[in-house]
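Undergrad: predicted model, plus sequence, below.
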Amino acid sequence: MTKLNILKKWRLTDRTRLLLTLELAIILPAASLMAFSTWNLRHIQRDKAIEAAIQRDFSSVLHIAEKKTWHRANDMLTPVRKQFPCADDDGTKIKSQLDSVLAAHPEFLDVIFYDKDHDRFISRIQPTHEGDDALHKRITDDIAMISKWLPIEASGMVHKLRMAAEHDEMPFGFEGGWMERNDEHYYWSVAYFIPTDEPKGSVVLGMVGFDPEYLRNNFFPAVMTDVLTSKNSVLRADASPPAMMVRPLKSSTPWITSSSWDGGKPEMERPLGDIFQGMVFAIKYPGTTIDEIGAKFLRYNYFILAALSLVMACGIFLTHRNVSREMKLARLKSDFVANVSHELRTPLALIRLYAETLELGRLTAQEKYKEYFRIIREESERLTALINNILDFSRIEAGRKEYEFKETNLAELVRTTLDSYRFQIEQNGFAFEENISGDIPPVSVDREAIARSLLNLVNNALKYSKDRKYIGVSLYRSNGSVNLEVQDRGIGIAAAEQDKIFDKFYRCGDPLVHNTKGSGLGLSLVRHIAQAHGGEVSVESVPDKGSKFIIALPIDSSAQERGLPA
C-alpha cells in the first residue's frame with residue numbers, strides 16, 4: 001500500500017470531525033471540571049492535614065525552644081551557684097567571692113547575697129560597666145528596688161526552691177519583665193537560688209541579674225540556632241526551614257530574630273512563662289503564612305474554575321454553532337434532494353420522449369434523426385455528469401474517495417475535455433476562447449477528476465451568464481504551479497459570498513441562481529479535487545461583471561501527498 005493510500009485510509013470524514021468536535025467541546029471540559037473538583041476536594045483535605053501538621057510542628061518546636069532556654073539557663077547558673085558564698089562567711093569574704101563570680105561571668109550585670117537570719121544584703125556590680133554612668137545608675141536603682149521587696153518575699157522564695165529540689169526540678173527561680181524608668185525602656189531579669197550547703201532552716205538566697213544585651217546578642221540567638229538546626233528537629237524534612245523571633249509580651253515588634261525572619265505575622269507563639277518573664281517565642285515560614293497559602297490556593301481555584309467555565313462556554317458556543325450548521329446543512333440537503341430530483345427528471349424525460357418518438361418511426365427527415373440522437377446523447381452526458389458528481393460527493397463524505405495519479409500532459413487533457421464540450425458551448429450561443437501555454441510540463445494528476453473540475457466550472461459559466469455570453473479557458477505556469485483558469489462575464493459573485501460558494505450545497509442569493517436548477521455540489525467537488533492534488537482553487541469576481549476561477553496545481557508531485565485533505 002502506498003503512502004498516499006495509507007493517508008487516505010486514515011482520513012477523517014466530516015461527520016467524524018463533527019463528533020470529535022462535540023466531544024472535545026463538551027465532554028472534555030466536563031471531564032476536566034469533574035477531575036478538577038475531585039482533585040480540589042483531595043487537595044483541600046491534604047492542605048488541611050498539612051496545616052494541622054505545621055501547627056503541631058510549630059507547637060513542638062516552640063516547646064523545645066522553651067526547654068532549651070531552661071537548660072541553657074541552668075548550664076549558666078549551676079557553676080555560679082557553686083561559686084557563691086555561704087552564710088558562714090564574713091562580709092569581706094562574701095564580697096570577694098561575689099566579685100570573682102562577676103569576673104568569671106560577664107553575662108551578669110550584678111550579684112546579690114541575702115541572709116535573712118543575719119540581716120545581710122550584699123550586692124556587687126559588674127566592674128566592666130562602672131564607666132557607664134547611666135547603666136550603673138540603672139543597676140543601682142534595680143538593686144535598691146530588690147532590697148525593698150526581697151526581705152518580704154525571701155521566705156516564700158526559699159520554700160519554693162526547696163520544694164522544687166525535693167521533686168528533682170531545677171533549683172532556680174526567675175523574676176523579671178519590661179521596665180520603664182527615666183524614659184528608658186529595658187528588659188530586667190534576675191535568677192535566684194539557694195547557695196550550696198545551706199541548712200534547710202536558713203533563709204539565704206543568691207541572686208544574679210542578666211545583662212539584656214547578652215540575652216539579645218548571644219543567649220536567645222544561640223537557642224534559636226540550636227532549635228532550627230537540630231538533627232532531632234520535629235519539622236518536616238520536605239519543608240523550608242522556618243524562622244523564629246523573640247518579642248515582648250505586650251508588643252508585636254520583634255526584639256530578637258533569626259537570620260531568615262522576614263517580618264509579618266508569626267504562625268504560632270509561646271510565652272516563656274516562669275523563665276525570662278515577659279518574653280514570647282514566635283515562629284513562621286519566611287515569605288508566606290498559612291493564611292496566605294490558603295488565600296493563594298483560593299485564588300488558584302477561582303482561576304482554574306474561571307478557565308474551565310470559559311472552556312465550557314466555548315464548548316457550548318462551538319456546539320451551538322455546529323448544531324446550527326448541521327441544521328442548516330440538513331435544510332440544504334433537503335433542497336439538494338429537490339434540485340437533484342428535478343435535475344434527474346428533466347434529462348430522463350427528454351431521453352424518454354425522444355426515444356419513444358424514434359421507436360414509433362414517425363420521423364422522415366434524416367436531419368431529425370441526427371438531432372434527436374444528439375439530444376439523447378447530450379442529455380445522457382448531462383445525466384452522467386450529475387450522477388458522477390453525486391457519486392463523488394458520496395465517496396468524499398464516506399471518506400472512500402481515491403484518486404489515481406499519473407504523469408499527464410495537462411494541455412492535451414484540457415483540449416480533449418473542451419473539445420467534447422465545445423458543441424454544447426456553441427449551441428448555447430457562447431463565444432469561446434482557449435489559451436493554452438506551450439511550456440506546460442507533465443503533471444501527476446487524476447485525469448478524470450481534473451476533467452470533471454474543468455467541466456463543472458464551464459457548466460457554471462453556461463448556467464449563470466445573462467446577455468454577455470463568453471467563456472475563456474487558460475492554462476499557464478505561475479510560481480511553481482500550473483494554473484487552470486475559467487473566466488466568464490456572467491452575474492458574478494458578491495465578496496461576502498466568495499468564501500462560501502465552495503461549501504457543499506451552498507448557492508448564492510442571486511435570483512438567477514435560484515431559478516437555475518443545480519445540486520450545489522460542483523464547486524465543493526472542485527475544491528476537494530484541487531486540495532487532493534496538493535493545490536487550491538480561488539475565485540476573483542465582481543457582481544454583474546463576471547467571475548474568474550483558478551485551479552492551481554503544483555508541478556512537484558510530492559505536494560499531492562502533503563496536500564491531501566483530511
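TA: All right, it came through fine.
Undergrad: please count neighbours and contacts with C-alpha atoms only from this point.
TA: OK.
Undergrad: where along the stretch 201-350 of the chain do the helices fall?
TA: Taking DSSP state H, counting those that start in this stretch, the helices of the stretch 201-350 of the chain run over residues 212-214, 220-229, 290-360.
Undergrad: cool, and the chain?
TA: Ranges of helices in the chain, per DSSP state H, are 3-9, 14-22, 28-83, 91-104, 133-166, 212-214, 220-229, 290-360, 366-398, 410-427, 447-463, 511-515, 522-532, 559-562.
Undergrad: avg pLDDT for the second one?
TA: What that stands for is helix 14-22. Averaged across helix 14-22, pLDDT comes to 63.
Undergrad: now swap in stretch 447-462 and tell me
TA: Rounded mean pLDDT across stretch 447-462 is 86.
Undergrad: please compute how far it lies from its chain's middle.
TA: Relative to its chain's centre, stretch 447-462 lies at 51 Å (Cα atoms, centre = their mean, to the nearest Å).
Undergrad: list the buried residues of it.
TA: 447, 449-462 (16 or more other Cα atoms under 10 Å).
Undergrad: what does that stretch rub up against?
TA: Stretch 447-462 has contacts (Cα atoms under 8 Å, 6 or more residues apart in numbering) with 385, 403, 405-406, 408, 413-414, 417-418, 421, 425, 428, 430, 469, 471, 486-488, 490, 522-523, 525-526, 529, 549.
Undergrad: same check on stretch 118-135?
TA: By Cα under 8 Å, 6+ apart, the list of residues contacting stretch 118-135 from outside reads 94-95, 98-99, 102-103, 106, 108-115, 136, 139, 143, 147.
Undergrad: need the buried ones from those residues selected in PyMOL.
TA: Those of the contacts of stretch 118-135 that count as buried under 16+ other Cα under 10 Å are selected in PyMOL with:
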select buried, resi 94+95+98+99+102+106+108+109+110+111+112+113+114+115+136+139+143+147
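Undergrad: returning to that earlier point: of the contacts of stretch 447-462, keep whichever come out buried.
TA: Judged by 16+ other Cα under 10 Å, buried ones among the contacts of stretch 447-462: 403, 405, 414, 417-418, 421, 425, 430, 469, 471, 486-488, 490, 522-523, 525-526, 529, 549.
Undergrad: apart from its neighbours in sequence, what residue is nearest residue 540?
TA: Excluding the flanking residues, the one nearest residue 540 by Cα to Cα, 6 or more residues apart in numbering is residue 548, at 5.1 Å.
Undergrad: mind listing what residue 477 touches?
TA: 437, 439-440, 483.
Undergrad: neighbour-wise, which of the residues you listed leads?
TA: Within these, most neighbours by other Cα atoms under 10 Å means residue 483, with 22 neighbours.
Undergrad: report pLDDT for that residue.
TA: You'll see residue 483 listed with a pLDDT of 92.
Undergrad: tell me the bridge partners for it.
TA: Beta-bridge partners for residue 483, by DSSP bridges, are residue 476, residue 552.
Undergrad: residue 542 versus that one, what's the distance?
TA: 20 Å (Cα to Cα, to the nearest Å).
Undergrad: now residue 306
TA: Separation of residue 306 from residue 542 (Cα to Cα): 46 Å.
Undergrad: comparing those two, which shows the higher neighbour count?
TA: A direct count of neighbours by other Cα under 10 Å for residue 306 and residue 542 places residue 542 higher, at 15 against 12.
Undergrad: next, the contact list for the more buried one, please.
TA: 492-495.
Undergrad: who's it bridged to?
TA: Under DSSP bridges, the beta-bridge partners of residue 542 are residue 546.
Undergrad: distance of it from residue 494?
TA: Separation of residue 542 from residue 494 (Cα to Cα): 7 Å.
Undergrad: quick check: bridge partners of the residue lying closest to residue 530 once chain neighbours are set aside?
TA: Distance criterion Cα to Cα, 6+ apart; nearest residue to residue 530, sequence neighbours excluded, is residue 536 at 5.0 Å. Using DSSP bridges, the bridge partners assigned to residue 536 are residue 552.
Undergrad: and for this protein, the residue most distant from the center?
TA: residue 364 (85.4 Å; Cα atoms, centre = their mean).
Undergrad: could you measure from that one over to residue 378?
TA: Distance of residue 364 to residue 378, computed by Cα to Cα: 22 Å.
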